[in-house]
Each structure stands twice: as C-alpha cells, then as structure tokens.
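Q: need the 3D shape of this:
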Amino acid sequence: MKSKDCTRSMEEAIDTSSSEGSGSSGSTSDMSGPADSNFTLNRSPHSTGRQISNVELFIHFVKGNLGTGILAMPSAFQKAGLWVGAVALPVMAIICTHSMQMLVDAAEEMKNRQGDFIVSYAHVAETACLTGAKQFHKFAKPARLVINTFICITQIGFCCVFLVFVGDNLQQVVSHFTELDWDSRVYMAIVSVPLVFLNWIRNLKLLTPVSVISNILQIFSIVVVFYYVVQDLPSITTRPAFQTWGGLPLFFGTAIYTFEGIALVLPLQKDMKRPQDFRGCTGLLNIGMFTVASLYLSVGLFGYWKYGEDIESSITLNLPNGHILAQMVKISMVAAICGSYAMQLYVPIPIMWPSISKYFRFIGSDVVAECIFRTVIVMMICGFAVAIPRLDLFISLVGAFGSSFLGLIFPPILDLVVHWPKVSTITLLKNLFIIVFGLAGFATGTYASVQEIVKAFN
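A: This is a model prediction of the structure:
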C-alpha cells in the first residue's frame with residue numbers, strides 16, 4: 001500500500017490537476033525564483049509562496065514515497081524468493097528513479113520552451129506534444145487525458161488497498177480483545193462511513209494536522225516492525241533463493257506499486273529554494289530514492305527471512321497477538337491509513353469533478369453536489385475493496401495495471417517526444433527497453449493478479 005501524504009506536495013499536485021480539469025489555459029502568475037538559483041519550475045497560481053530547504057525536501061520526498069506498501073514487501077519477496085527479490089527490487093528502484101529523472105528533465109525543457117506554465121505530469125506531456133515535432137501535435141490532448149486517467153485509477157486503487165488493509169488489521173485486533181469474529185469486509189464497510197464525512201472536507205489545509213499525526217504513527221509502526229523482524233532469525237538457508245516464474249509478475253506488481261511516486265516529483269521540486277539540487281547523480285531525487293529503496297529492501301528481506309512461507313499479505317498480521325506493542329502497531333497503522341485516505345482522493349476528485357459536475361446541476365448547490373459525488377466515490381471504493389478482500393493481490397493488480405504506465409511506460413515515451421528527432425541510438429534503445437519492460441510487467445502482472453483473484457474465489 002502506498003501513502004503519499006506529503007501535505008504540501010499533494011496540495012500543489014491538486015492545484016495543477018484542478019486547473020487542467022477545468023480547462024485552464026495553463027498560465028501562471030509571474031513569480032520567479034531566487035536570483036542566485038537556476039530556477040527551472042514555476043509555482044502554480046495557488047502556491048503558498050513558501051520555499052522549502054533541501055532538508056525539508058528530503059523529508060517530504062521520503063514521507064511521500066514511503067507508504068504502507070513497505071508492509072507488503074515481505075509478501076512480495078515470498079513470491080520471488082529471497083535473493084531474487086533482493087536483486088530485483090534495487091533494479092526496479094533504479095529504473096523507476098531514472099524515469100523520475102526523465103520527467104524532471106522534460107519539465108525543465110518545457111519551461112525553457114514555453115516559459116511560465118502550470119507544472120504537472122499531465123501538463124508536461126501535453127506541452128511536450130504541442131511544442132515537439134509536428135507529428136506529435138495531435139496527441140497533446142489525448143496525452144493529458146490518458147495520464148490524468150491513470151492517475152485517477154492508481155489513486156482510487158490506493159484507497160481500495162488502504163481499506164483492505166484497515167479491514168484485515170481491525171479484524172485481527174478486535175477478534176483478539178473480544179469474542180467477535182466478523183469478516184474483514186464488515187470492518188471495511190463500517191470504516192467507510194466516517195471516511196465519507198472526512199472526505200467532505202474540501203480544503204486540504206484543514207487536513208494538515210491529520211497528515212502530521214498519520215506520519216508520526218506510520219514512523220512508529222515501521223520502527224516497531226523492524227524491532228520484531230530482526231529478532232531470532234532462522235538460518236538464511238531455509239529461505240529459497242528463487243520461488244517460481246509465476247510469482248515474478250506478482251512481485252513486479254507489488255514493487256512498481258511501492259515505487260510509483262512519480263506524480264510527486266514536479267510539485268516538490270518547484271517548491272525548493274534551490275531546485276537545481278534536485279537533479280543529477282548526487283541530487284536529492286537520487287538520494288531520496290536510495291533511502292526509500294533501502295528501507296523497502298530491508299523490511300522485505302528481513303520480513304521474509306523471519307517469517308518465510310508463513311508471511312501474511314501485510315507483515316503487521318504476523319506480529320504476535322499476545323504483545324500489546326504489536327497490537328499498538330496495528331491500531332496505529334489503521335489510524336494512519338484513515339488519515340491518508342482522504343488525501344489520496346484529493347488528487348483524482350479535482351480531475352474528475354469538472355467533467356462530471358454537469359450531471360449534478362439539478363441539485364442546485366455546487367457544494368452539496370460535490371459532497372454527494374465524494375460520497376459516491378467512497379462507496380464505490382468500498383465496493384471494490386469488499387469484492388477483492390485480498391491485500392497482496394489488490395496491491396499487485398493496482399501496481400501492474402496503473403503504476404506500470406505512470407512509472408515506467410509514459411516517462412521514456414515523453415523523453416522521446418521531447419527530444420525527437422535528435423535522439424541518439426543509445427537513448428532510443430534504452431527507452432525502448434524500459435517501455436517493453438513496463439509493458440511486459442503490465443501484461444504479465446495484471447494477468448497473474450486477475451488469475452490469482454479468480455482462483456481465490458473458487
């Protein structure tokens with residue numbers, strides 16, 4: 001599961017998406033960066049105007065990418081094998097980081113070509129088509145629509161995963177302390193009710209305290225998980241180095257799901273005091289991704305080493321029920337997920353609502369209409385979560401289907417569009433490799449996930 005709940009970066013992403021969804025021309029206020037910096041990305045018209053230091057950027061980046069998917073990594077290692085997972089995960093991290101770098105480079109090139117414009121993933125793609133080679137002009141609007149569509153799919157998918165996680169962990173905690181033996185889907189439905197009211201909050205700044213508390217609880221949970229998994233480790237030879245070829249697509253889906261933080265990089269960079277420090281081999285993007293990948297690798301490797309074939313879809317479910325500290329971790333993660341859930345929906349709703357609002361005009365009040373729409377979305381997510389109450393399979397499906405395109409397929413295509421026809425043979429082959437790798441992961445990961453979901457219900 002993924003929790004990209006960095007308040008500032010999410011707010012900027014929302015602002016840009018909202019402008020696109022409402023048909024904005026894409027112009028911004030003529031704000032500029034510091035005179036002594038090589039400023040490359042402008043603020044959106046709704047920016048708070050506060051620039052962040054490199055340390056703040058690093059903290060925001062790690063928080064935004066280090067989501068609850070870290071708790072599913074041991075299960076991913078179980079599907080691939082201990083050493084195959086230990087090698088494949090860093091490789092995936094390198095490819096995803098390079099894709100982020102390509103997006104950042106494309107955004108800078110668009111800034112150089114067109115000057116001030118709202119910086120977002122979808123808008124960079126649209127502008128690249130409009131300002132690139134003539135044959136790409138007709139793809140400008142479709143590029144923006146397709147990227148926004150996949151952003152909506154992945155964000156809603158994240159919320160579905162969140163709800164399944166909450167249901168599984170609440171079921172275990174409640175059944176331990178009481179005699180209730182309800183199905184996890186009952187807890188998903190119950191939790192969806194307060195989430196409806198939480199998602200009626202239309203001002204993101206009002207959710208800032210919720211986000212801060214969620215981050216603290218999440219950090220606490222990860223530290224405690226480490227405390228448990230490094231104790232009394234069995235012989236490492238008892239864990240297979242490689243499982244089966246059929247498990248690799250499921251591993252791919254989970255891995256790309258956890259690393260799909262590409263939508264955050266542009267909003268974060270443009271809030272920096274020194275945005276040029278974000279790029280490059282020793283830039284903050286690479287340092288941040290190295291930190292995130294190291295944490296994912298550590299939890300995945302040690303978690304599977306510790307629990308082996310008994311590993312659950314979330315490692316929190318493996319923690320000893322008799323320990324109060326373990327129960328605190330589950331409750332903390334449930335609270336953190338509920339706080340992050342609302343922020344996830346702040347990305348797709350501004351993209352979808354402008355196009356759908358016309359069907360709600362009979363209500364008479366825009367605020368009431370939007371609240372009804374938000375309620376429908378939460379109930380729809382609950383329906384999806386209840387329909388597929390397998391956390392590991394849901395993560396793999398969302399990662400393989402949605403995250404593959406945003407994190408692996410679109411960035412190299414965008415890079416080719418930006419520099420076409422002046423693309424070297426090496427760059428062309430490298431980008432084609434990443435595209436083929438992403439498409440193969442999408443096809444096999446989606447097929448394997450759907451197949452396992454069908455099998456789980458038979």
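Q: which residues of the stretch 201-350 of the chain fall in helices?
A: Under the criterion DSSP state H, counting those that start in this stretch, the stretch 201-350 of the chain carries helices at the ranges 208-229, 248-259, 265-269, 284-307, 324-345, 348-356.
Q: so which of these gets nearest Ile151?
A: The closest of the helices of the stretch 201-350 of the chain to Ile151 is helix 348-356. By C-beta to C-beta, the value is 6.6 Å. The C-beta positions use only the backbone N, C-alpha and C, and glycine is treated the same way.
Q: helix or strand right after that closest one?
A: Once the chain leaves helix 348-356, the next helix or strand it forms, by DSSP states H and E, is helix 366-387.
Q: which SS state does the residue of the chain most remote from its centre fall under?
A: The C-alpha centroid of the chain is most remote from Glu179, which lies 36.3 Å away (C-alpha atoms, centre = their mean). Of the three states, Glu179 takes coil under DSSP: H, G, I helix; E, B strand; the rest coil.
Q: how much space separates it from Pro389?
A: Counting by C-beta to C-beta, to the nearest Å, the gap between Glu179 and Pro389 amounts to 22 Å.
Q: cool, and Phe405?
A: 26 Å.
Q: equivalent analysis for Glu260, please.
A: Look at Glu260 and Pro389: by C-beta to C-beta, they are 22 Å apart.
Q: so those two - more neighbours on which side?
A: Counted by other C-beta atoms under 10 Å, Glu260 and Pro389 do not tie: Glu260 has more neighbours, with 27 against 19.
Q: next one: phi and psi at the more buried one?
A: Here is the backbone geometry of Glu260 (degrees, to the nearest 10): phi -80, psi 70.
Q: same check, this time on the one 10 residues further on
A: Main-chain dihedrals, Lys270, degrees, to the nearest 10: phi -80, psi -10.
Q: now Ile52
A: Dihedral angles of Ile52 (phi, psi; degrees, to the nearest 10) stand at phi -110, psi 150.
Q: in the sheet, who's paired with it?
A: Met272 (DSSP bridges).
Q: and it, how many residues sit next to it?
A: Ile52: 17 neighbours (other C-beta under 10 Å).
Q: surely it and Arg274 touch.
A: No - the criterion here is C-beta atoms under 8 Å, and Ile52 misses it with Arg274 at 10.0 Å.
Q: on that earlier part again, looking at the helices of the stretch 201-350 of the chain, which has the lowest confidence?
A: Among the helices of the stretch 201-350 of the chain, helix 265-269 has the lowest mean pLDDT, at a mean of 78.
Q: which other helices and strands does that helix contact?
A: If contacts are counted by 3 or more C-beta pairs under 8 Å, 6 or more residues apart in numbering; DSSP states H and E, helix 265-269 sits against helix 7-21, helix 54-65, helix 82-114.
Q: ok now it, how far from the chain's centre?
A: Taking C-alpha atoms, centre = their mean, to the nearest Å, one finds helix 265-269 lying 14 Å from the centre of the chain it belongs to.
Q: alpha carbons only: can I get it in PDB?
A: Coordinates of the C-alpha atoms in helix 265-269 are reproduced here as PDB (Å, rounded to 0.1, in the frame of the first residue of the first chain):
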ATOM      1  CA  VAL A 265       8.500  14.900  -8.100                       C
ATOM      2  CA  LEU A 266       7.400  18.100 -10.000                       C
ATOM      3  CA  PRO A 267       5.300  19.700  -7.300                       C
ATOM      4  CA  LEU A 268       8.100  19.000  -4.800                       C
ATOM      5  CA  GLN A 269      10.900  20.400  -7.000                       C
END
